[in-house]
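Participant: Sequence first, then the predicted structure, then my questions.
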Amino acid sequence: MYFGSVQFFKHLIVTVVLLLIFGLTISTISLVVINKSYKEQISALQDKLREEDTVLAQSSAVAEEQSHEISLSIEYQKLYPDMYASLAEKTKSVPKTVYLTFDDGPSNRTAEILDILKKEDIKATFFIIGKEGSRQKELLRRIAEEGHTLGVHTYTHVYDSVYASVESFLEDFSKTYYLINETTGIKPDVFRFPGGSVNTYNAGYYEEIIAEMTRRGFTYYDWNASSGDAVPKATAKTVLANTIQSSAGKDRVILLMHDSISKSYTVGALPKIIEYYRAQGYKFDRITNDVTPIAFNYRSY
């Protein structure tokens, strides 16, 4: 019989050996595959960790840079701790209103303008240069006493130094702010940038200056009409013509004018400018910080 014979056991032993060899081979292959898979997973995890480390490093660098920027901004925020105003809770945009604004004074022209405004019973706004105001303090007091608005137009009006940095702007601004306050008792809360809020001198960081001044509660005003009294060879006739042309079609007007010593033609044109606006149905008012601003970086008219 085959079962139980020597040959049967030989075959059985050979079969068992072959099965063992096959099993070991399969196990070895499986281990190799599993090991390869583990290596791939470990490699993927290492890559992911490296990516996360890179992201963390970049985030840390950004955070450090932002922290540095914040620390810089905090430094100038500490300057002039009493130089603050209060922003209006709401602003008003009154139709058919003209705001006469005069920059660069006070001077002897300012006194002549005040005489005209008093005669016409009109209130206006004077954005003064501090170095001029320090020599004409009696005019600052008169502007305030007659009910007009005193605003800051920096101290020196020298663009290179005023716009050298946020700190430079604050330093220059502060001199006029304190001058007005000490001379009249008024803490001014409105101002005008020399050259307007956006110009070639502050183009790189005007937003930072605006942000800091707004944080401090000050409101700035540009203009949407100009008398053209700062251009060469201006005359009373050109000042009136420029005023009419630049105001055309505007329901609300902030008119740029100047009251520096050379602007005799501005004084000469002022009565006719007032007459023109009245004939068009406008009323006059002074700027206060609850008047909706007209600003070059956002048009609101």
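Facilitator: Okay, I see it. These numbers come from a predicted model, not from an experiment.
Participant: mind listing the strands for the stretch 201-301 of the chain?
Facilitator: Assigned by DSSP state E, counting those that start in this stretch, the stretch 201-301 of the chain shows strands spanning 219-220, 225-226, 252-258, 283-284.
Participant: Can you mark which positions in stretch 214-234 are buried?
Facilitator: By neighbour count with 16 or more other CB atoms under 10 Å, stretch 214-234 contains the buried residues 216, 218-230, 234. C-betas here are computed from N, CA, C, even on glycine.
Participant: Kindly indicate which of these lies nearest Pro188.
Facilitator: Nearest to Pro188 among those: Phe218, at 8.2 Å, using CB to CB.
Participant: need the contact list for the residue lying closest to that closest one once chain neighbours are set aside.
Facilitator: Nearest residue to Phe218 in three dimensions, chain neighbours excluded: Ala85, at 5.2 Å (CB to CB, 6 or more residues apart in numbering). By CB atoms under 8 Å, 6 or more residues apart in numbering, the residues touching Ala85 are Lys187, Pro188, Asp189, Arg216, Gly217, Phe218, Thr219, Asn289.
Participant: Now render these as a markdown table, adding pLDDT.
Facilitator: Formatted as a markdown table, the entries for the contacts of Ala85 read as follows, by pLDDT from 0 to 100:
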| residue | pLDDT |
| --- | --- |
| Lys187 | 98 |
| Pro188 | 98 |
| Asp189 | 98 |
| Arg216 | 98 |
| Gly217 | 98 |
| Phe218 | 98 |
| Thr219 | 98 |
| Asn289 | 98 |
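Participant: Would you point out the most distant pair within the residues you listed?
Facilitator: Across the contacts of Ala85 (CB to CB), the longest gap, 13.1 Å, separates Lys187 and Thr219.
Participant: ok so, going back, from the contacts of Ala85, which is closest to Ser264?
Facilitator: Pro188 (27.0 Å).
Participant: Present the strands of the stretch 201-301 of the chain as JSON lines; the columns should include distance to Tyr155.
Facilitator: Conversion of the strands of the stretch 201-301 of the chain to JSON lines gives the following (distance: least, CB to CB, whole Å):
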{"stretch": "strand 219-220", "distance to Tyr155": "16"}
{"stretch": "strand 225-226", "distance to Tyr155": "24"}
{"stretch": "strand 252-258", "distance to Tyr155": "17"}
{"stretch": "strand 283-284", "distance to Tyr155": "28"}
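Participant: Specify the stretch among those strands that is closest to Val239.
Facilitator: For the strands of the stretch 201-301 of the chain, distance to Val239 was read as CB to CB. The smallest value, 8.0 Å, belongs to strand 252-258.
Participant: Residues touching that closest one, excluding its own?
Facilitator: The set of residues external to strand 252-258 that reach it, using CB under 8 Å, 6+ apart, is 93-105, 221-227, 229-230, 239, 243, 246-247, 263, 266, 270, 273, 277, 282, 287, 294, 301.
Participant: From those, list the buried ones, please.
Facilitator: Buried positions within the contacts of strand 252-258, assessed by neighbour count (16+ other CB under 10 Å), are 97-105, 221-227, 229-230, 239, 243, 246-247, 263, 266, 270, 273, 277, 282, 287, 294.
Participant: wait, Gly281 sits on Lys96?
Facilitator: Yes: judged on CB atoms under 8 Å, Gly281 makes contact with Lys96 at a distance of 5.7 Å.
Participant: nearest residue to the spatially most central residue of the chain other than its sequence neighbours?
Facilitator: With distances taken as CA atoms, centre = their mean, the residue of the chain nearest its centroid is Glu207 (2.6 Å). On the basis of CB to CB, 6+ apart, the spatially nearest residue to Glu207 that is not a chain neighbour turns out to be Asn297, at 7.7 Å.
Participant: Let me know the distance separating that neighbour from Ser226.
Facilitator: From Asn297 over to Ser226 the distance is 18 Å, taken as CB to CB, to the nearest Å.
Participant: ok, Phe191 - contacts?
Facilitator: Applying CB under 8 Å, 6+ apart, the residues near Phe191 are Phe127, Gly151, Val152, His153, Phe173, Met213, Phe218, Thr219, Tyr220, Tyr221.
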